[in-house]
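Peer 1: Structure here, sequence nowhere to be found:
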Ligand SMILES: Cc1ncc(COP(=O)(O)O)c(C=O)c1O
């Protein structure tokens, strides 16, 4: 999604800054791409944790994309957006390593397929009298995320049941009167497509070898992890080769099972990353001077911070930045650090996982200009917080015909105080 200066300036005037702007067109393009590579027996889910807005969930519903939810409230949000409960078919999947809050209750009340990541969860289901199908999340022993802290497979990953323990888990499920209908693994968005391809093939081989343990199996999920190129949006790696790869994996798995199996994938990032930008205003431009402690820098101070978009502060993630001059003027390019309003030195958008300040060559803005943080749709608003009691920024939805819709308003102090109570606790 490329920023349209006039639109952004008018919107900033109307809803204030910072704000999130979604492009329905970009989202629909990505949905269509994923649909194309998941034909014939391959079902795509949306990992809704990446962007749980009802509007986005409704788009997924209309397109026939199923849901991977990771909490009780995510399941309820999916139901609220008209995704059906039940297991025939299991449109909503609940994936977790721990039942928290209302999750077990929501699973039971809505007949949602639980994708369990630990034997303890099977015990909890059994104790609640659950007798239906279960999916088991497997740690296949390999795979990695876009950064180390997103490692989703291997000895250092907390996710899933270690693959060599599956025989015991399979017996536990049967003893509890349940049956395993799906095996699942998510091996993460490695930075390179080649690695994703290798890992998916390897995963399919590993699952094929495990099939004899699971006679009631109906589906295998290869997880999410289709990478998005944040650094160069014009150089997205083509999705097309995944079509043949998914088909090959399914053929292999069906042959090994001696029956038809559904193969699933559940991307989050790829669906939504490019469909949303975070628009912020430059409050001030100021500098530090080089001295014995280090290099001086020019800071563009903006009104968005890591309470809005945490990925750079959390993972050192890169987001493309565009400058929208408020007066249509020219701006000369200079190395700039873009930093936010929070009382935190790490509130910097131009950084990586090793360095706090990675100045970027950008048109040097003046106060009042807008700065656009691009590709912010995945783990953007979804990970925003109320730290510093600022309140979440509004989300705006743009249709291809130019229609705009406010899909969440700016949070106010009363939103922040809503859960505060003064109630005696009697033990
Ligand atoms: C179980 C599961 N599935 C799918 C995803 C989506 O991954 P991505 O957004 O990289 O496609 C995640 C992300 O962490 C996940 O944990």
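Peer 2: All right, it came through fine. This one's a predicted model, so the numbers in the text were calculated from it and none came from an experiment. Residues are numbered from 1 along each chain as shown.
Peer 1: Pretty sure residue 34 sits against residue 267.
Peer 2: Yes. With the criterion set as CB atoms under 8 Å, residue 34 and residue 267 qualify as a contacting pair; they are 6.5 Å apart. C-betas here are computed from N, CA, C, even on glycine.
Peer 1: in stretch 291-298, what counts as buried?
Peer 2: The neighbour-count check on stretch 291-298 (16 or more other CB atoms under 10 Å) flags residue 297 as buried.
Peer 1: Just the residues contacting it, thanks.
Peer 2: Outside of stretch 291-298, the residues that reach it under the criterion CB atoms under 8 Å, 6 or more residues apart in numbering are 285-290, 334-337, 357, 359, 364.
Peer 1: For residue 42, grab the count of nearby residues.
Peer 2: Other residues near residue 42 come to 20 when the count uses other CB atoms under 10 Å.
Peer 1: Can you pull the phi/psi pair for residue 272?
Peer 2: In terms of degrees, to the nearest 10, the main-chain angles of residue 272 are phi -120, psi -20.
Peer 1: One more: residue 264?
Peer 2: Per-residue torsions, residue 264: phi -120, psi 150 (degrees, to the nearest 10).
Peer 1: That one and residue 45 touch, don't they?
Peer 2: Yes. Taking contact to mean CB under 8 Å, the distance of 6.1 Å between residue 264 and residue 45 places them in contact.
Peer 1: which neighbours do those two share?
Peer 2: With contacts taken as CB under 8 Å, 6+ apart, residue 264 and residue 45 have 66, 221 as neighbours in common.
Peer 1: In a markdown table: the contacts of stretch 291-298, plus distance to the ligand.
Peer 2: Formatted as a markdown table, the contacts of stretch 291-298 follow (distance: CB to the nearest ligand atom, whole Å):
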| residue | distance to the ligand |
| --- | --- |
| 285 | 34 |
| 286 | 36 |
| 287 | 37 |
| 288 | 36 |
| 289 | 41 |
| 290 | 39 |
| 334 | 34 |
| 335 | 31 |
| 336 | 29 |
| 337 | 28 |
| 357 | 27 |
| 359 | 28 |
| 364 | 34 |
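Peer 1: pLDDT-wise, what's the bottom of those residues?
Peer 2: The member of the contacts of stretch 291-298 with the lowest model confidence is residue 357, at 92 (criterion: pLDDT).
Peer 1: What's the local residue count around that residue?
Peer 2: So residue 357, with other CB under 10 Å, has 18 neighbours.
Peer 1: where does the stretch 1-150 of the chain dip in pLDDT?
Peer 2: 1, 144-150 (pLDDT under 70).
Peer 1: Smallest gap between it and the ligand, at which residue?
Peer 2: Across the stretch 1-150 of the chain, the shortest distance to the ligand (CB to the nearest ligand atom) belongs to residue 47, at 3.5 Å.
Peer 1: Name all residues that make contact with the residue nearest to that residue when sequence neighbours are not counted.
Peer 2: Here the nearest residue to residue 47 in space, its sequence neighbours aside, is residue 268; by CB to CB, 6 or more residues apart in numbering that works out to 3.2 Å. Counting by CB under 8 Å, 6+ apart, residue 268 makes contact with 46, 47, 48, 49, 50, 51, 68, 224, 378, 379.
Peer 1: Now the terminal residues of stretch 102-120, how far apart.
Peer 2: Its start and end residues considered, stretch 102-120 measures 17 Å (CA to CA, to the nearest Å).
Peer 1: do it and the ligand meet?
Peer 2: No. Counting by CB under 6 Å from any ligand atom, the ligand is not contacted by stretch 102-120; separation bottoms out at 7.8 Å.
Peer 1: Quick check: buried residues in that stretch?
Peer 2: So for stretch 102-120, counting by 16+ other CB under 10 Å, buried means 103-104, 106-107, 110-118.
Peer 1: Switch these over to JSON lines; also include secondary structure and distance to residue 214.
Peer 2: As requested, the buried residues of stretch 102-120 are exported to JSON lines (DSSP: H, G, I helix; E, B strand; the rest coil; distance: CB to CB, whole Å):
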{"residue": "103", "secondary structure": "helix", "distance to residue 214": "24"}
{"residue": "104", "secondary structure": "helix", "distance to residue 214": "23"}
{"residue": "106", "secondary structure": "helix", "distance to residue 214": "25"}
{"residue": "107", "secondary structure": "helix", "distance to residue 214": "20"}
{"residue": "110", "secondary structure": "helix", "distance to residue 214": "24"}
{"residue": "111", "secondary structure": "coil", "distance to residue 214": "21"}
{"residue": "112", "secondary structure": "coil", "distance to residue 214": "20"}
{"residue": "113", "secondary structure": "strand", "distance to residue 214": "15"}
{"residue": "114", "secondary structure": "strand", "distance to residue 214": "16"}
{"residue": "115", "secondary structure": "strand", "distance to residue 214": "14"}
{"residue": "116", "secondary structure": "strand", "distance to residue 214": "14"}
{"residue": "117", "secondary structure": "coil", "distance to residue 214": "16"}
{"residue": "118", "secondary structure": "coil", "distance to residue 214": "18"}
